[in-house]
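K.L.:
Would you be able to build a 3D model of this:
(one chain, ligands or ions: 1)
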Amino acid sequence: PAMVGTVEEKPKPLPLAIGIGGMVSGLREVYESGRTKELEWRQSQLKGLIRLLTDKEEEIFAVLHEDLGKNRGETFRDELGILVKSIKYTLQNLKKWMAPEKAESPLVAFPATAMVVPEPLGVVLIFSCWNLPLGLALEPLSGAIAAGNAVVLKPSELAPSTAAFLAANIPKYLDSRAVKVVLGGPIVGEELMEHRWDKVLFTGSERIGRIIMTKAAKTLSPVALELGSKCPCIVDWLDSKRDRQIAVNRIIGAKWSTCAGQACIAIDHIICEERFAPILIELLKSTLKRFMSKPGGMARILNEKHFERLSGYLDDNNVAASVVHGGDIDPKTLKIEPTILLNPPVDSDVMTEEIFGPILPIITVKKTEDCITYLKSKPKPLAIYAFTNNERLKRRIVEETSSGSVTFNDAVVQYALESIPFGGVGHSGFGQYHGKYSFELFSNKKAVFKRSFLIEFMFRYPPWDDSKIGT
Ligand code: NAD
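P.N.:
Next up is the predicted model:
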């Protein structure tokens, strides 16, 4: 009953327009009734989400395997486990976040009190992406619910099993009058954007992000865009063998074992000193051999279109000549072997587009600190990573470059922290969520100022004369 639209889209969107319009006004009525504002409602919905994730664990493993060939360990690490942890954190802190915050008030206003009172925004819309089809849907959904909103979730049609799972189960575990799942692709997405929303959180590509923002301008719906970028990873000369090995483990984790590199914060490419590149490549090769020894170690490429895009990078002769590891592709299983490139041309597609797959270019520089100039010459990414023990370099990266996040001596794991914001800057997007930041994204910080009739100063009123200046 909560399903509006279907995965296979019909060319005529008219019936959907009626369906979606009715749904939105229904949600407004529910919101206006006040039910979603109650602490108890918010808590019960968050608990419902935890129950859904626990009861349906096996089904979740199955749908993510169907959509992306993800193995259970990866699904647990990146989606299920993180979600349960994050929702529990929200439940623990919700009362505190909802409490009005006292603010300073000026002496001339005495006696008075100033407060910041968080209130829900109303009816919000969430677009999620296919690469973490559960996490990128339920993480923002939990934030929108925690903030007391009625919500529409539009999962990505490109992960159809997960989308169908969400549409079938969310109404069973959550209040189906206030939380809806709408299935469909671009036509349904555009149709949804014909309506006014109190917030739209969009996760996806820059191209569609522009469409969302253009459409949102017409209804003056505020948006948060979680987009993509080329996340660079600096690997400094590391003296200790142990540090080198740990760095390589974590690089492999953040490239090939995170949805086969199909993640917005996956490492896109590495920057290291020329003299360190051969050492790094050898260690990557031997560790990959160990980590990927069993079948199913890596998710598959989403679909043929993405497979062709990625294998197309290797069709470029200059790029193919830079392959130092891997390069095998299998169109039948949509698998691309973990592939390492050494200094592909800087103007090749693989170095100008977001890779979003299991190909890892290594770009060499004379000295590690040269990376600062390199980073500053590129658009601001979602994340910058650096494996280094050099405190000066760490300081310089934080102070001289701009990105949604910076992580030292690890990668991707910042996504799992509720205590720091997740989001982009510049072309990688705007609007931050996770933990309290999700609550704030979906809330209005209402300024409340209370005065009394006790004291009255006449200098603020006409008739004006100079004696009223500077009193
Ligand atoms: P996309 O931009 O094509 O789709 C995202 C969502 O938009 C889907 O729900 C889709 O149905 C919907 N959509 C598509 N066309 C639409 C239209 N015309 N109107 C309204 N809605 C429409 O997704 P993609 O290109 O496959 O995603 C990959 C990109 O997403 C990469 O750039 C990646 O970095 C980025 N991404 C960012 C994050 C993040 O958190 N910042 C997370 C995952 C992916």
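K.L.:
quick one: the residue of the stretch 251-400 of the chain found nearest the ligand from Asn93, how far?
P.N.:
The ligand sits closest to Cys264 of the stretch 251-400 of the chain, with a gap of 3.2 Å, by Cβ to the nearest ligand atom. (Each C-beta comes from the backbone N, C-alpha and C, glycine too.) Distance, Cys264 to Asn93, using Cβ to Cβ, to the nearest Å: 26 Å.
K.L.:
Glu191 too?
P.N.:
Note on Glu191: its distance to Asn93, by Cβ to Cβ, is 36 Å.
K.L.:
again, but for Lys378
P.N.:
36 Å.
K.L.:
And Gly48, by the same measure?
P.N.:
18 Å.
K.L.:
Looking at those two, which has the bigger crowd around it?
P.N.:
Between Gly48 and Asn93, counted using other Cβ atoms under 10 Å, the more crowded position is Gly48 (18 against 15).
K.L.:
any idea how far the residue nearest to the more buried one when sequence neighbours are not counted is from His434?
P.N.:
Distances taken as Cβ to Cβ, 6 or more residues apart in numbering place Tyr173 nearest to Gly48, at 4.3 Å, with adjacent residues excluded. The gap separating Tyr173 from His434 is 22 Å, by Cβ to Cβ.
K.L.:
Between those two, tell me which one has more neighbours.
P.N.:
Legend: neighbour count by other Cβ under 10 Å for Tyr173 and His434, higher for His434 (25 against 18).
K.L.:
Ramachandran angles for that one?
P.N.:
The phi/psi pair for His434 (degrees, to the nearest 10) reads phi 90, psi 140.
K.L.:
From what I see, it and Ile420 are in contact.
P.N.:
Yes. Counting by Cβ atoms under 8 Å, His434 touches Ile420, with 7.3 Å between them.
K.L.:
pLDDT score assigned to the residue nearest in space to the middle of the chain?
P.N.:
Centre of the chain computed as the mean C-alpha position; nearest residue by Cα atoms, centre = their mean is Glu226, 5.4 Å away. Per-residue confidence (pLDDT) for Glu226: 98.
K.L.:
for Arg42, same thing?
P.N.:
Arg42 is given a pLDDT of 98.
K.L.:
Look at it and tell me its secondary structure.
P.N.:
helix (DSSP: H, G, I helix; E, B strand; the rest coil).
K.L.:
Tell me the buried residues in the helix or strand bottoming out on mean pLDDT in the chain?
P.N.:
Here the helix or strand of the chain ranked lowest by mean pLDDT, DSSP states H and E is helix 14-32, holding a mean of 83. Going by neighbour count (16 or more other Cβ atoms under 10 Å), the buried part of helix 14-32 is Leu16, Gly19, Ile20, Met23, Val24, Leu27, Arg28, Val30, Tyr31.
K.L.:
what do you get for stretch 45-65?
P.N.:
For stretch 45-65, by 16+ other Cβ under 10 Å, it's 45-46, 48-50, 52-53, 56, 60-65.
K.L.:
Please flag which of the residues you listed sit within helices.
P.N.:
45-46, 48-50, 52-53, 60-65 (DSSP state H).
K.L.:
near the ligand, which residues of the stretch 301-450 of the chain show up?
P.N.:
With the criterion set to Cβ under 6 Å from any ligand atom, the stretch 301-450 of the chain comes near the ligand through Glu354, Phe356, Leu382, Gly424, Gly429.
K.L.:
Does the last one touch Met213 like I think?
P.N.:
So that's Gly429. No. Counting by Cβ under 8 Å, Gly429 does not reach Met213; the two are 10.5 Å apart.
K.L.:
Who has more neighbours out of those two?
P.N.:
Set Gly429 next to Met213 and count neighbours by other Cβ under 10 Å: Gly429 wins out with 25 against 15.
K.L.:
Next up, the contacts around that one.
P.N.:
Gly429 makes contact with Gly209, Ala224, Leu225, Glu226, Leu227, Leu382, Gly404, Gly423, according to Cβ atoms under 8 Å, 6 or more residues apart in numbering.
K.L.:
Quick one: residues contacting the nearest residue to the fourth one once chain neighbours are set aside.
P.N.:
Using Cβ to Cβ, 6+ apart and skipping residues adjacent in sequence, the residue nearest Glu226 is Thr203, 4.2 Å away. Applying Cβ under 8 Å, 6+ apart, one finds that Thr203 lies in contact with Phe127, Ser128, Cys129, Leu136, Pro140, Glu226, Cys264.
K.L.:
at 10 Å what do you get?
P.N.:
The neighbours of Thr203, taking Cβ atoms under 10 Å, 6 or more residues apart in numbering as the test, are 126-132, 135-137, 139-140, 156, 209, 224-228, 264, 429, 433.
K.L.:
Give me the pLDDT value at it.
P.N.:
The model's pLDDT for Thr203 equals 98.
K.L.:
Among the residues of the stretch 301-450 of the chain next to the ligand, which ones are in strands?
P.N.:
Gly429 (DSSP state E).
K.L.:
Dump the residues of the stretch 301-450 of the chain next to the ligand into JSON lines; add distance to Phe449 and pLDDT as well.
P.N.:
Converted to JSON lines, these look like this (distance: Cβ to Cβ, whole Å; pLDDT from 0 to 100):
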{"residue": "Glu354", "distance to Phe449": "46", "pLDDT": "97"}
{"residue": "Phe356", "distance to Phe449": "48", "pLDDT": "98"}
{"residue": "Leu382", "distance to Phe449": "38", "pLDDT": "98"}
{"residue": "Gly424", "distance to Phe449": "34", "pLDDT": "98"}
{"residue": "Gly429", "distance to Phe449": "33", "pLDDT": "98"}
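K.L.:
out of the residues of the stretch 301-450 of the chain next to the ligand, which is most surrounded?
P.N.:
Going by other Cβ under 10 Å, Leu382 tops those with 29 neighbours.
K.L.:
Might you report the residue contacts of that residue?
P.N.:
Applying Cβ under 10 Å, 6+ apart, the residues near Leu382 are 226-231, 263-266, 268, 354, 403-405, 414-415, 422-429.
K.L.:
Sort out which of those are buried, if you could.
P.N.:
226-231, 263-266, 268, 354, 403-405, 414-415, 422-425, 427-429.
K.L.:
Return the subset of those lying in strands.
P.N.:
Glu226, Ser405, Gly429.
K.L.:
Out of those residues, flag the one nearest to Glu369.
P.N.:
Ser405 (21.0 Å; Cβ to Cβ).
K.L.:
Is that closest one bridged to anything, and to what?
P.N.:
Beta bridges link Ser405 to Ala383, judged by DSSP bridges.
K.L.:
ok, Ser428 - contacts?
P.N.:
When contacts are counted by Cβ under 10 Å, 6+ apart, Ser428 is found next to 206, 225-231, 264-265, 354, 379-383, 402-404.
K.L.:
same thing but 6 Å
P.N.:
Each residue near Ser428 by Cβ atoms under 6 Å, 6 or more residues apart in numbering is listed here: Leu227, Ser229, Lys380, Pro381, Leu382, Gly404.
K.L.:
What of Trp197?
P.N.:
Val124, Leu125, Ser221.
K.L.:
Looks like Lys70 contacts Ala299 (just checking).
P.N.:
Yes. The pair Lys70 / Ala299 is scored as a contact, 4.6 Å apart, by Cβ atoms under 6 Å.
K.L.:
Quick check: nearest residue in space to Ala109, chain neighbours excluded?
P.N.:
Ala109's closest residue in space is Arg451 (Cβ to Cβ, 6+ apart), at 6.2 Å.
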